[in-house]
Structures are given as C-alpha cells and as structure tokens.
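# Quick one, structure for this:
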Amino acid sequence: MSDTLPGMLARWLETLLEGSLPGSLLFLAVTAAAAGVLAGCVSAFSGVASYVERKVAARMQSRLGPMRVGPHGILQWIADALKVLLKEDLIPAGADRPLFRLAPYIVFLGCFPAFLVLPFGRHLAVADLDIGILYMVAVASLVVMGLLMAGWASGNKWSLFGAMRSAAQIVSYEIPIGLTILAVVILVGSLSMRDIVEAQVRGVPFDLPLPRAVDGGGDGWPGLFGWILFRYPPFTIAAFLLYFTASLAETNRTPFDIPEAESELVAGFHTEYSGMRFSAFFMAEYANMLAVAGIATTLFLGGWLAPYPGFVLERVLSGSPALAAAGAAAEGLAWFLAKSLGLVFVMMWLRWTLPRYRVDQLMDLCWKVLVPIALVNLLAVALLRHGGAVWAQLARLF
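Numbering: from 1, shown residues only. From the prediction side, this is the model:
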C-alpha cells in the first residue's frame, strides 16, 4: 500500500478490523470510494464553474448575469442541471446510434483519469504513480477518440468538420505541452507528480537534500522563490507561458475554440446533441480546464506548497502532532485549489477578452511559433541543468 490517503485509510481499517479482511481488498475498496468522491466533486465543479463563467461574462459586458435562482443566482447551476435532465434526448435519423450515445461519456471520462494522480496535498492523491506526468499526458488522448466518435456518429457534415478540427488541434498542441513538461522533468529528474512538488522545496540546485519536513514547517524552505516558475528565469517562465497557451488550445477555449466556431460550423460536434448528452460535453470542458490548471500548479506553482516557508496551521497546532498534520494538509489543499482556480479564472477572463483565431492562424501558431520556442527552451533548460557534465565529457574526448 502507498502512503497516499487511500493507503493510510486502508491500513487503519485493517488494524481496526484486526485482519478479518485482506489488506489488498480494503485498499481497493477505499481507492474506489475515493475515486467516486473525486468524480462527484469534479462534476459539481463543472456546474459551479458554468455559473461563475456566466457571472464573469456578465461583469465584463456590464450585465448582471443569472439572478433568479437563489441569492444572486447562486443556485442557477442546479436549475440548469435539472433542466437538461428533463429535456428530450433526440437522436438524428441518420446517426450511428450506439456511437452517438457513447461519445459524450467517453469525452467526459477521458478527462477524469488525470485527477486520480493529481496531488492535492502530500498524501492527498488517489494514486501516486512513478510515471504520473507521463500517465496524464497519455490519458489526454482519450478525449480525441470521443470527439471523433461524436462527429462521425452524428451523420452531419458540420459535426464531422468540427470533430476533425478538434482532433487536429489537440494532437498538434500536445507537442508544445509535451516539450514544456519534458523541461520540468529534466530539472527535477523524476516523472512522479509528488516528486516534482517536493523538488520545489529544495535549494538550488535541485539535488540538495530536503529540509527536515517536506510537508510543512521546514525552516529552510525557499517559499515562493522555490517554485519552478521562478527557479531559472526566463526559461522556466517561458515554459509556463508555453504550457498555459497550449493548454487553452487543448481545452478548446477561446481564442482557440475553432471546432465550435458558430459562423462556420454551427456548433461543431455539439450540433446534433441535446439534453444530458449535450451537457456532458460542457462538463468535460470545465473538468479539463481544472485538470490542466492542476497540472500547471503542480509543475510550476509549487503544488500544495504555500508561497511562504512552511505552513501556518502546522506551527499554530504544533502541540498536537495529529492536529498539526491535519492542519498542514488542509492548508496545503487550500493553496492548491486557490492556485488552480486562479488559473481557471484566467481562462474564463481570456475567453471574453480575445477574438477567435482562424483555423490557419491556429495551426501556424502551434507549428511555427510554439513548437520552435519550446524546443529552444528545452535545450536551454537541459544545458542549465546538465551543461557542466556535458562539457566535462566533451573535454575528455578532446
């Protein structure tokens, strides 16, 4: 069993039940329960985010936005959910019915596996994989399959065009995303999400030993300036900007929402969908926004680490080790969510600020701007991290 929260709960239950149930069975049960709770939280976030985005859009357009359901319209997302549940589920006569029904849920489920390895705190992860960041990049490709299924199964040329554009866009922008992630992996020397966060409490360079306590209270913590974003400027800042720009295209957000361009494609691959299946695409979009924001927080913004050394609650509750650990975990979770939700807000802000690119401009930006810059930045980071060893080896040859 791992030292994640499900692993610790499984060990506690095994001790409580005095070994009457196998530890592996308890671990599987607790992990499944944790995954279910996480899925519920992600689904609820999608609803709340739709309300927040409507309020952000209204603010930027000098409107009030939703105001009817609840105080200041705060319950509007619940009313919207009930509305789509009661709507008729229409399927076009020429559609491939099994694929048409399945596609929206594949798109949504393709976003969810990323949350299973996302470290919300030192022990607050469903699974801690040694190849966590590689796993997250791999599962992102599942969304492409669902989008192509939705476009093909609809039997509509606009839906198919939108799905093909979306697939080309996601596959293309995976390249600069992968190159920026590789730059972080070179700096840290690990693919584990937790190792990447823990590397950001080390001194410069990264191979210095860790402070006394990794998950709170270490007096030697560099705080804000230990984050990878500020570690090797301007290269790590460039990597963050490259990742964030490419992730906007990955999530089909404005100004990269070409697959849904109303003036060209009606509603893209959404065109023939209605009811709950229609809302599944929007739930997937907001879930994907949170996932890419969580990855950016983990890679560049210190994950659950505070911008100051240690955790305040751990020092306040230092008289009780259990309470101190719980306080550090709660404060770390709060910081992780604050950073991630801040990035989600920036995505919403950009949607109502920037105009949409043309499809040729979109692909030119990826292949002619982002990919070359990401390659040069990757080379610079590699030389910064291992340049001394490379020059030493070359000197031996000559």
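# now the longest helix seen in the chain, how far from the chain's geometric center?
In terms of residue count, the longest helix belonging to the chain (DSSP state H) is helix 23-60. Centroid separation for helix 23-60 versus its chain: 12 Å, with C-alpha atoms, centre = their mean, to the nearest Å.
# Could I get the buried residue list for it?
Using 16 or more other C-beta atoms under 10 Å as the burial criterion, the residues of helix 23-60 that qualify are 23, 26-27, 30-31, 34-35, 38-39, 42, 45-47, 49-56, 58. Every C-beta, even on glycine, is put in place using the N, C-alpha and C of the backbone.
# Then stretch 175-189?
Within stretch 175-189, the residues that qualify as buried by neighbour count (16+ other C-beta under 10 Å) are 175-185, 187-188.
# what is the mean pLDDT for that stretch?
Computed over stretch 175-189, the mean pLDDT rounds to 92.
# ok, residue 131 - contacts?
When the contact criterion is C-beta atoms under 8 Å, 6 or more residues apart in numbering, the partners of residue 131 are 191, 192.
# which SS state does the residue nearest the centre of the chain fall under?
Taking C-alpha atoms, centre = their mean, the centroid of the chain lies closest to residue 291, which sits 1.8 Å from it. At residue 291 the chain is in helix, as set by DSSP: H, G, I helix; E, B strand; the rest coil.
# That one - nearest residue in space that isn't next to it in sequence?
Leaving aside its chain neighbours, residue 291 sits nearest to residue 114 (4.4 Å; criterion: C-beta to C-beta, 6 or more residues apart in numbering).
# I'd like the distance from that neighbour to residue 347, if you could.
Distance from residue 114 to residue 347, counting by C-beta to C-beta, to the nearest Å: 16 Å.
# Looking at the two, which one has more neighbours?
Looking at residue 114 and residue 347 with other C-beta atoms under 10 Å, you find the greater number of neighbours at residue 114, namely 24 against 21.
# Just to check, the more buried one is in contact with residue 293?
No. With contact defined as C-beta atoms under 8 Å, residue 114 does not reach residue 293; the gap is 11.0 Å.
# which element is residue 20 on?
Secondary-structure element containing residue 20, defined by DSSP states H and E: none, the residue being outside all helices and strands.
# check contacts around it.
Listed by C-beta under 8 Å, 6+ apart, the contact set of residue 20 is empty.
# now residue 274
87, 88, 89, 90.
# So which of the residues you listed belong to helices?
Cross-referencing these with the helices (criterion: DSSP H) gives no overlap at all.
# Need the contact partners of stretch 170-178.
For stretch 170-178, contacts defined as C-beta under 8 Å, 6+ apart pick out 137, 140-141, 143-144, 147, 242-243, 245-247, 249-250, 256, 363, 366-367, 370-371, 373-374.
# Strands of this structure, start to end?
Secondary structure of the chain by DSSP state E: no strands are present.
# now it, which segments are flagged as low pLDDT?
For the chain, the stretches with pLDDT under 70 are 1-2, 18-19, 23, 202-222, 259-267, 388-398.
# So it: which segments form each domain?
For the chain, the domain assignment from automatic domain parsing gives the residue ranges 1-86, 95-397.
# out of those, deepest packed?
domain 95-397 (a mean of 19; mean count of other C-beta atoms under 10 Å).
# how distant is it from the center of its chain?
When distances are taken as C-alpha atoms, centre = their mean, domain 95-397 is centred 5 Å away from the chain's centroid.
# Residue numbering should commence at 53 henceforth.
That works, and once the first residue is 53, the last one we named lands at domain 147-449.
# rewinding a little: next, the contact list for the residue nearest to residue 343, please.
For residue 166, the residues meeting the contact criterion (C-beta under 8 Å, 6+ apart) are 188, 191, 192, 343, 346, 347.
# So what does the third one look like in phi/psi?
As for residue 192, its main-chain torsions (degrees, to the nearest 10) stand at phi -60, psi -20.
# I figured it hits residue 302, correct?
Yes. Residue 192 sits in contact with residue 302 when judged by C-beta under 8 Å, with a separation of 7.2 Å.
# List the contacts of residue 244.
Contact partners of residue 244, counting by C-beta under 8 Å, 6+ apart, are 180, 181, 182, 183, 184, 185.
# Kindly reformat these as TSV containing distance to residue 278.
Formatted as TSV, the entries for the contacts of residue 244 read as follows, by distance: C-beta to C-beta, whole Å:
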residue	distance to residue 278
180	21
181	24
182	23
183	24
184	20
185	19
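# Now intersect the residues you listed with the helices, please.
Secondary structure of these is defined by DSSP H; positions in helices are 184, 185.
# right, and out of the contacts of residue 244, which lies closest to residue 203?
Checking the contacts of residue 244 against residue 203 with C-beta to C-beta, the nearest one is residue 185 at 29.4 Å.
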